[in-house]
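**Q** can you look at this prediction? I've put the sequence above it.
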Amino acid sequence: MPPRRKVTTFNKARAIAWLQDGVSKREVSRRLGVSHSVVVRVHQKFQATNSDLERPRSGRPKKTTQREDRFIRRQALQQRGTTANIIRGQLRVATNTNVSTKTIRKRLHEVGLRSRRPAVRPRLTAAHRQARLAFCHNHARWTRQQWADVLFSDESGFNLHHHDGRACVGRRQSERYNNGLVQERVAFGGGSVMVWEAFSFRHRTPPHCWQPDGPALQR
């Protein structure tokens with residue numbers, strides 16, 4: 001049986017207004033695009049309660065208490081790399097409460113904690129931080145003309161046949177090996193190319209490409 005279609009509060013008010021104006025229930029159901037029985041229930045409820053608002057419902061009781069919810073949140077914040085399964089075991093040991101990992105994730109989602117891939121940044125030692133801070137202090141008052149004499153450069157590596165990141169495709173369960181949904185790989189990585197380029201305030205260099213283990217490919 002399909003789920004019962006829920007009538008919005010606005011449409012309930014329209015239905016009550018039409019019924020009070022003498023419009024038949026079948027005509028109201030046609031205008032709203034709902035069944036005749038829905039209009040009958042709305043009208044009966046309005047006659048009994050003089051209101052078209054939904055009564056508050058208790059819903060399914062939570063499997064964890066507020067204290068246990070705080071414990072789950074605290075464990076996730078203290079150990080950011082932990083999993084829902086580990087927190088589930090810690091909760092069972094601490095409070096003798098056994099819930100599913102789905103419940104653990106739901107409690108974390110309620111406070112905005114979701115599993116995400118960490119951001120990537122260069123590893124900086126204490127010496128790196130001191131050097132960067134000293135650079136900022138020494139160049140804080142440089143003029144535009146002084147910065148115009150600086151050459152900035154960078155390099156990037158590119159795989160020739162595939163990328164290093166994780167690729168995702170939308171597919172059905174039976175489409176695992178369909179053409180266009182399979183990521184092809186070349187043995188031993190297929191090789192890569194390094195690209196180097198630099199620029200200043202008024203100029204830029206042409207890109208330089210080379211293979212890490214070979215000669216320059218293009219200038």
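**A** Perfect, I can see it now. In this text the structure is predicted, and so the values were computed from the model without any measurement.
**Q** when you work out contacts or count neighbours from here on, use the C-alpha atoms and nothing else.
**A** Fine.
**Q** skipping its backbone neighbours, what lies nearest residue 195 in space?
**A** residue 209 (4.5 Å; CA to CA, 6 or more residues apart in numbering).
**Q** element containing that neighbour, please.
**A** Applying DSSP states H and E as the criterion places residue 209 in strand 208-210.
**Q** buried set for that strand?
**A** Neighbour-count burial for strand 208-210 flags 209, 210 (criterion: 16 or more other CA atoms under 10 Å).
**Q** from the chain's centroid, how far away is that strand?
**A** 37 Å (CA atoms, centre = their mean, to the nearest Å).
**Q** again with stretch 24-36
**A** 41 Å.
**Q** please list the outside residues in contact with it.
**A** Stretch 24-36 is contacted from outside by 5, 11, 15, 18, 19, 38, 39, 40, using CA atoms under 8 Å, 6 or more residues apart in numbering.
**Q** got the buried residues for the helix or strand the second one falls within?
**A** Under the criterion DSSP H and E, the helix or strand holding residue 11 is helix 9-20. Neighbour-count burial for helix 9-20, counted by 16+ other CA under 10 Å, picks out 12, 13, 15, 16, 19.
**Q** ok, now stretch 40-55?
**A** 40, 42, 43, 46, 52.
**Q** state the mean pLDDT of it.
**A** Here stretch 40-55 scores 80 as its mean pLDDT.
**Q** which residues of the chain score low on pLDDT?
**A** Low-confidence segments of the chain (pLDDT under 70): 1-6, 52-59, 161-167, 186-190, 212-219.
**Q** can you list the domains in it?
**A** 9-49, 66-110, 146-161+189-219 (automatic domain parsing).
**Q** ok so, going back, isn't the residue nearest to residue 195 up against residue 193?
**A** Yes - counting by CA atoms under 8 Å, residue 209 touches residue 193, with 6.6 Å between them.
**Q** how far away from the center of its chain is stretch 41-52?
**A** 42 Å.
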